[in-house]
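sequence-free structure coming up:
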């Protein structure tokens, strides 16, 4: 067979600089009056807060340089819609302080100054005097309330295990409609998989566990009903994430979604008659609306692709949703619940690029070494010349409790446009396929999941257009961990690998981690002392001598999740083994970045580094 290089004609056709620089919005959040939506947007060339009037479609930039270059957490509106509170860190270190910006005037003021703590704004109290905050201010991540005028914190919970919800879009902590009570989720059992629902008074008193479907299941809360009588919850006690309504007095649950479907609860409509949810099926996420009284799903027109945010507006007649697909960049849509018609209210920009050039991902599956079916998304260039063998990359997602969706990814499009085949497997440990599948890598990081990635190579080698000798692996965070592990545990499979913000020594990472991150590591790998052999055996640093593929190590120096030390010790280990930097491996530290970045300039730089490496070695 004739082998072709990745950059041979007719590749490439999509300009890298332009595609990576196209404006993208993040973390949309509707106002309490439901007449405006705010979001982070890099329309100006850097991320700022923008507000759209939902009636007129008018757009206005609110911030002018006050928000961080890259954002990892959302913001919250005050109840009177006058202010937005956002977290701000320093160069990606995630040690957030809180800032308040006046939506009309655009003036921002710093509310807190706790440089050694993560602070996530959750929700304003109904009287706008207090702000619920999740923070590790006192060690473990717990729930606080912050008085906006006195600038004082009151600690509401003091659990040894984290109160959940920090940094999420659907926070697991909510004020009751009258402000007298707060609902949240945490764990008081020895089972670190467990998460139960709790309620306390507004001063933190009278804490009680409201719901535990069974020990080991995970329950979370997303909203109070407008009458304050029930909570919208998500529980995986049936084996799949399931939406229900929990009675606040009795703790009894009325389930809305069916068993065997992966759904997450959202918010109520203003009148409380409707509840939206997000249904995750076959790497597609679609909005779902339930009639609360009838307990029935209201049929919506299907929207192939991925939606991760929704909110009712226009007197509950419309649903505001974000939407993307493998060939369509992220947009904001208005969905008319009476007619089923969809209107794009914030269209994606494409510049000079013809969207018809984008490649649609093919949803496939392959079998792992133990017969387990591994779903995946396959991207390949169109019009591959006969007898051509192309290089391929297996990408591993972060998490590991995450997944690849059938959503637009500029890096995927750029790689495929340059003649690469890309495989994105949702290996065991991924979300979207039920609790049993998600928990398959508990006490087994670098075990069955490692085999699932390796089996992806076997799948690629069977494709007639893939060169079996030119396959690389790439991933960030947990995906970076898996890249290191693949290169030292499966050295014969790979020609090159890119480990971005990865993990090489689990025990040393545990020592440097914050308390809620330590909880996460113990949940997956057990106690580091009791399971010392597992922690050692599943750390790539101990097998570095096996590596034969070319390796790029890429890491932000301010990363608090996977500290840069993880990259440095692996580099030093390779040097100690006589490997030559620049020949056997390449090493890049990013001085003003943390655990990844959404900043246009930084994203462009990252892809140039990764793309150049893969083109040279594959």
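That came through fine. This structure is a prediction, so every number in the text was calculated from the model and none was measured.

For residue 390, list each beta-bridge partner.
Note on residue 390: beta-bridge partners residue 466, judged by DSSP bridges.

what about it, how many residues close to it?
25 (other Cβ atoms under 10 Å). To be clear about C-beta, it is placed using only N, CA and C from the backbone, and glycine gets the same treatment.

who's residue 76 bridged to?
Taking DSSP bridges, one finds residue 85 as the beta-bridge partners of residue 76.

per-residue confidence at it?
On pLDDT, residue 76 comes in at 97.

how close does it sit to residue 95?
As judged by Cβ to Cβ, to the nearest Å, residue 76 and residue 95 stand 19 Å apart.

neighbour count winner among these two?
Neighbours per residue, other Cβ under 10 Å: of residue 76 and residue 95, the larger number sits with residue 76, 23 against 20.

got the contact list for the more buried one?
When contacts are counted by Cβ atoms under 8 Å, 6 or more residues apart in numbering, residue 76 touches 29, 84-85, 121-124, 131.

now the most centrally placed residue in the chain: how far from residue 432?
Computing the C-alpha centroid of the chain and ranking residues by Cα atoms, centre = their mean puts residue 402 first, at 6.8 Å. For residue 402, the distance to residue 432 equals 9 Å [Cβ to Cβ].

for residue 227, same thing?
Taking Cβ to Cβ, one finds residue 227 at 33 Å from residue 432.

got it, and residue 508?
Per Cβ to Cβ, residue 508 is found 31 Å from residue 432.

which of the two has more neighbours?
A side-by-side neighbour count of residue 508 and residue 432, using other Cβ under 10 Å, places residue 432 first with 22 against 17.

Go ahead and confirm the more buried one touches residue 280.
Yes. Using Cβ atoms under 8 Å, residue 432 is in contact with residue 280, at 4.6 Å.

list residues touching both of these two?
Common contact partners of residue 432 and residue 280 (Cβ under 8 Å, 6+ apart): residue 262.

Residue 532: what's it in contact with?
residue 507.

per-residue confidence at it?
With respect to pLDDT, residue 532 scores 97.

From residue 510, how far out is it?
Shown here: residue 532 relative to residue 510, a distance of 11 Å by Cβ to Cβ.

How about residue 180?
From residue 180 to residue 510 the distance is 40 Å (Cβ to Cβ).

Looking only at neighbour counts, state which of those two leads.
More crowded of residue 180 and residue 510, by other Cβ under 10 Å: residue 510, with 17 against 12.

wait, doesn't residue 325 sit right on residue 406?
Yes. Assessed by Cβ under 8 Å, residue 325 is found in contact with residue 406 at 6.4 Å.

Need the overlap of contacts for the two.
304-306.

from those, which would you call buried?
305-306 (16 or more other Cβ atoms under 10 Å).

Residue 458: which of the shared contacts of residue 325 and residue 406 is nearest?
Each of the shared contacts of residue 325 and residue 406 was scored against residue 458 by Cβ to Cβ, and residue 306 proved nearest at 28.2 Å.

what about the nearest residue to the closest one once chain neighbours are set aside, distance to residue 380?
Across the structure, with Cβ to Cβ, 6 or more residues apart in numbering as the measure, the residue nearest residue 306 apart from its sequence neighbours is residue 407 (4.1 Å). Applying Cβ to Cβ, the value for residue 407 to residue 380 is 18 Å.

more crowded one of these two?
residue 407 (22 against 19).

That one contacts residue 324, doesn't it?
Yes. At 4.7 Å, residue 407 and residue 324 qualify as touching, with contact defined as Cβ under 8 Å.

what sits up against whichever strand or helix holds residue 607?
Using DSSP states H and E, residue 607 falls within helix 600-617. When contacts are defined by Cβ under 8 Å, 6+ apart, helix 600-617 is touched by residues 5-7, 16-17, 20-21, 42, 45-46, 69-70, 391, 393, 410-411, 414-415, 418, 420, 472, 474, 495-496, 498, 500, 550, 552, 554, 586, 588, 590, 592-593, 597.

Now find how far off-centre it is within its chain.
Relative to the chain's own centre, helix 600-617 is displaced by 21 Å; criterion: Cα atoms, centre = their mean, to the nearest Å.

cool, and stretch 543-554?
27 Å.

list the buried ones in it?
543-544, 547, 549-554.

Cross those against strands and list the overlap.
550-554 (DSSP state E).

Going by distance to residue 504, which of these wins?
Each of these was scored against residue 504 by Cβ to Cβ, and residue 553 proved nearest at 9.0 Å.

That closest one bridge partners, please.
residue 499, residue 587.

Enumerate every residue touching it.
Counted by Cβ under 8 Å, 6+ apart, residue 553 has contacts 499, 502, 567, 570-571, 585-588.

quick one: which two of the residues you listed are the most distant?
Greatest spatial distance in these: 502 and 586, 14.1 Å, computed using Cβ to Cβ.

all helices for the stretch 501-618 of the chain, in order.
Ranges of helices within the stretch 501-618 of the chain are 506-512, 515-525, 532-537, 565-576, 600-617, based on DSSP state H, counting those that start in this stretch.

Double-check residue 292 against residue 273; I have them as touching.
Yes. With contact defined as Cβ under 8 Å, residue 292 counts as touching residue 273 (5.8 Å).

For those two, work out which one has more neighbours and name it.
residue 292 (19 against 14).

Just give the nearest non-adjacent residue to residue 113, would you?
Nearest to residue 113 is residue 97, by Cβ to Cβ, 6+ apart, at 5.8 Å.

how about residue 459, phi and psi?
Note on residue 459: its backbone torsions stand at phi -60, psi -50 [degrees, to the nearest 10].

just checking, residue 178 is part of a strand?
No. Secondary structure of residue 178, determined by DSSP: H, G, I helix; E, B strand; the rest coil: coil, with no strand assignment.

and it, how many neighbours?
The burial count for residue 178: 11, using other Cβ under 10 Å.

Look up how far residue 227 lies from it.
From residue 178 to residue 227 the distance is 10 Å (Cβ to Cβ).

Residue 485 too?
Distance from residue 485 to residue 227, by Cβ to Cβ: 51 Å.

These two: which has the busier surroundings?
residue 485 (26 against 10).

residue ranges with poor pLDDT in the chain?
Scanning the chain for pLDDT under 70 picks out the ranges 1-11, 166-171.

Show me how it divides into domains.
2-16+354-617, 269-349 (automatic domain parsing).
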